[in-house]
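S.K.: Here's my sequence, what's the structure:
(one chain, ligands or ions: 1)
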Amino acid sequence: MSVRVRFAPSPTGRLHIGSARTALFNWLFARHEKGAFVLRIEDTDRERSRKEYLDTILSDLVWLGLTWDEGPYYQSLRLSLYQEFARSLLDSGKAYYCYCSPAELTLKKEKAILEKQPVKYDGTCRMLSLKQKSAFESEGRKPVLRFLCPENVKLSVEDAVRGKVDFSSEVLDDFVIVKSDGFPVYNFACVIDDHDLKISHVLRGEEHLSNTPRQLLLYRAFDWIPPIFGHLSIILDENRKKLSKREGSTFLDEFREAGFLPEALLNFLALLGWAPKENKEKLPLEDMIQRFALNGIIKSPAIFDFKKLEWMNSQYIRELTPEQFTEAVIPFLKKAGFLPEKELKEEKNRILPFISLYQERIKKLKDFPEQARFFFLEEIDLDLSVLKKWDKPELIFLFEELLGKIRNSSFRSEDLEKAVREFADLKGIKAGDLIHPLRYFLTGQENSPGIFDVMVSLGKEKAILRIEKGVLTLKRLMNPA
Ligand code: GLU
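M.R.: Okay, the predicted model is just below:
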């Protein structure tokens with residue numbers, strides 16, 4: 001049997017990180033088995049489907065590198081196929097038109113809840129006569145098509161992830177398969193498409209397990225062999241709660257905008273619910289493809305560890321060449337307004353050595369413009385409450401003397417460092433006593449890459465100006481006019 005899997009997003013929202021994981025597992029399985037990864041857009045919910053959601057889903061998949069071999073198939077363009085199969089169920093007496101209005105159905109539902117009965121359609125329209133039907137139609141009622149659910153049916157599935165799952169027939173009723181606007185409901189279109197597209201395995205989120213019995217009933221009604229189902233466990237946050245917006249990012253575009261590399265995100269997502277045989281954390285894509293197996297998918301919920309994702313990202317960032325790293329941070333610099341388009345070409349080579357100083361420091365690309373803003377700003381602000389730490393008059397004298405040495409130095413990183421350390425030795429102080437304020441004068445921050453490299457990147461003129469300004473501000477702090 002050749003493996004054919006599908007990813008079937010509904011364009012009713014942006015791509016959720018859990019759906020991205022579903023796409024990845026399908027993709028890895030297809031690649032491992034040398035099968036096909038099919039993309040299907042489930043856009044039959046006309047009210048909630050939006051073009052902009054579709055666009056972000058497609059561009060996110062491309063960004064991740066989860067390219068598809070077939071499709072996208074749009075369900076909204078396949079209506080005649082669903083109509084044809086709906087008709088065949090109707091003709092064989094396995095489906096019927098139902099004229100109950102939404103208001104009537106709500107009433108029935110409320111009554112059932114009040115009587116503590118299961119909420120199920122009561123079959124009112126199962127046996128309508130032609131006369132009753134035409135009476136409803138002349139009232140202007142538009143029917144839905146319902147599936148006639150067989151009585152006392154026993155359904156179970158051998159789930160590739162969860163093992164044998166039995167479904168209670170209690171929950172099943174004559175469910176709607178075609179809405180009154182002629183559009184199929186998800187369960188119906190999904191079955192027709194999975195069959196028509198010869199899908200061998202349906203790997204999808206656990207939340208769809210409750211749809212599976214209805215889908216199985218449809219397979220039976222058509223006398224089709226169902227695909228192998230595998231329901232992937234839910235992803236929880238570190239507090240074992242459903243991943244929610246409040247806890248941070250939940251949509252793929254947010255991770256992209258924060259500066260996670262697609263390779264890192266894929267590696268991290270793969271381990272959310274899949275345990276490769278050798279307990280390895282960092283797995284390049286080729287390794288994942290080679291090792292991916294359905295029996296490695298874990299049944300228990302996956303825990304989304306944000307810190308681990310950041311760690312993973314920093315590992316992948318380190319592997320980039322300095323040029324690749326620079327290219328990767330440029331969009332983030334542009335977004336922060338630090339790199340005007342017209343200067344991009346000349347600037348790129350100039351700033352590359354500076355950018356490289358951050359390659360082992362940042363966890364996400366967006367950290368770069370945040371941590372390195374001092375480099376791009378003409379002037380930086382110094383916070384008096386920080387400067388207060390250094391309000392020692394002797395420090396002013398020391399810096400004034402040191403400035404002379406810096407002015408006269410070759411302004412190479414090693415020479416600057418040597419000058420500062422020798423100067424500290426000479427004066428009997430710790431080099432750190434000079435380096436900490438120096439860093440603050442130059443960057444307005446208490447953390448930065450090696451300060452002598454930073455000085456060189458800033459350039460002699462700007463660096464000296466900033467030190468002078470720092471010393472002056474410190475002086476004023478001690479002797480307010
Ligand atoms: N359209 C469904 C969703 O976005 C997919 C369900 C399925 O994979 O069967 O969740």
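
S.K.: use CA for all of it now, contacts and neighbours both
M.R.: Will do.

S.K.: Run through the residues that contact whichever residue of the chain sits closest to the ligand.
M.R.: Distances between the chain and the ligand by Cα to the nearest ligand atom are smallest at residue 9, namely 3.8 Å. Residue 9 makes contact with 19, 40-42, according to Cα atoms under 8 Å, 6 or more residues apart in numbering.

S.K.: try it again with 7 Å
M.R.: Residues in contact with residue 9 (Cα atoms under 7 Å, 6 or more residues apart in numbering) are 40-42.

S.K.: Of those, which fall within the contact range of the ligand?
M.R.: residue 42 (Cα under 6 Å from any ligand atom).

S.K.: Out of the contacts of residue 9, which comes closest to residue 95?
M.R.: residue 42 (22.6 Å; Cα to Cα).

S.K.: Kindly format the C-alpha coordinates of the lengthiest helix in the chain as PDB.
M.R.: The residue-count maximum for a helix in the chain (DSSP state H) belongs to helix 460-478. The C-alpha trace of helix 460-478 is given here as PDB (Å, rounded to 0.1, in the frame of the first residue of the first chain):
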ATOM      1  CA  LYS A 460      36.700  55.200  17.100                       C
ATOM      2  CA  GLU A 461      34.800  58.500  16.800                       C
ATOM      3  CA  LYS A 462      31.500  57.300  18.100                       C
ATOM      4  CA  ALA A 463      33.000  55.200  20.800                       C
ATOM      5  CA  ILE A 464      35.100  58.100  22.100                       C
ATOM      6  CA  LEU A 465      32.200  60.500  22.000                       C
ATOM      7  CA  ARG A 466      30.100  58.100  24.000                       C
ATOM      8  CA  ILE A 467      32.800  57.600  26.700                       C
ATOM      9  CA  GLU A 468      33.200  61.300  26.900                       C
ATOM     10  CA  LYS A 469      29.500  61.800  27.300                       C
ATOM     11  CA  GLY A 470      29.400  59.100  29.900                       C
ATOM     12  CA  VAL A 471      32.200  60.600  31.900                       C
ATOM     13  CA  LEU A 472      30.500  64.000  31.700                       C
ATOM     14  CA  THR A 473      27.200  62.700  32.800                       C
ATOM     15  CA  LEU A 474      28.800  61.000  35.700                       C
ATOM     16  CA  LYS A 475      30.600  64.200  36.700                       C
ATOM     17  CA  ARG A 476      27.400  66.100  36.600                       C
ATOM     18  CA  LEU A 477      25.800  63.500  38.700                       C
ATOM     19  CA  MET A 478      28.400  64.000  41.400                       C
END
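
S.K.: What residues sit buried inside the helix-or-strand element of the chain with minimal mean pLDDT?
M.R.: Lowest on mean pLDDT, DSSP states H and E among the helices and strands of the chain sits helix 344-356, with a mean of 84. Neighbour-count burial for helix 344-356, counted by 16 or more other Cα atoms under 10 Å, picks out 348, 352-356.

S.K.: residues of the longest helix of the chain that come out buried?
M.R.: 460, 462-464, 466-471, 473-475, 477.

S.K.: what sits up against that helix?
M.R.: Contacts for helix 460-478 (Cα under 7 Å, 6+ apart): 387, 391, 396, 411, 438, 441-442, 455.

S.K.: tell me the mean pLDDT over that helix?
M.R.: Per-residue pLDDT over helix 460-478 has a mean of 94.

S.K.: For the protein, give me the ranges with low pLDDT.
M.R.: Where the chain drops to pLDDT under 70, the residues are 244-248, 342-343, 481.

S.K.: near the ligand, which residues of it?
M.R.: Residues of the chain lying near the ligand (Cα under 6 Å from any ligand atom): 8-10, 42, 204.

S.K.: what's the closest of those residues to residue 29?
M.R.: Nearest to residue 29 among the residues of the chain next to the ligand, with distances taken as Cα to Cα, is residue 204, at 12.5 Å.

S.K.: now the particular helix or strand that has the closest one in it: how far from the chain's centre is it?
M.R.: Using DSSP states H and E, residue 204 falls within strand 201-205. In terms of Cα atoms, centre = their mean, to the nearest Å, the centre of strand 201-205 is set 18 Å apart from its chain centre.

S.K.: Contacts for it next, please.
M.R.: Here strand 201-205 has contacts from 4-6, 22, 26, 227-234, using Cα under 7 Å, 6+ apart.

S.K.: Inside strands: which ones of those residues?
M.R.: Residues of the contacts of strand 201-205 located in strands (DSSP state E): 4-6, 228-232.

S.K.: which residues in this protein form strands?
M.R.: Using DSSP E, strands in the chain cover 4-7, 36-41, 70-74, 95-98, 144-147, 155-159, 163-167, 176-178, 201-205, 228-232, 235-236, 302-303.

S.K.: thinking again about what came up before, possible to save the ones in strands among the contacts of strand 201-205 as JSON lines with neighbour count and distance to residue 288?
M.R.: JSON lines is the format used below for the ones in strands among the contacts of strand 201-205 (neighbours: other Cα atoms under 10 Å; distance: Cα to Cα, whole Å):
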{"residue": "4", "neighbour count": "24", "distance to residue 288": "18"}
{"residue": "5", "neighbour count": "26", "distance to residue 288": "17"}
{"residue": "6", "neighbour count": "28", "distance to residue 288": "19"}
{"residue": "228", "neighbour count": "14", "distance to residue 288": "22"}
{"residue": "229", "neighbour count": "20", "distance to residue 288": "21"}
{"residue": "230", "neighbour count": "22", "distance to residue 288": "19"}
{"residue": "231", "neighbour count": "22", "distance to residue 288": "20"}
{"residue": "232", "neighbour count": "29", "distance to residue 288": "17"}
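
S.K.: and the residue nearest to residue 95 when sequence neighbours are not counted, what does it touch?
M.R.: Excluding the flanking residues, the one nearest residue 95 by Cα to Cα, 6 or more residues apart in numbering is residue 147, at 4.3 Å. By Cα under 7 Å, 6+ apart, residue 147 lies in contact with 94-96, 174-177.

S.K.: Ok, residue 120 next?
M.R.: Contacts of residue 120 (Cα under 7 Å, 6+ apart): residue 173.
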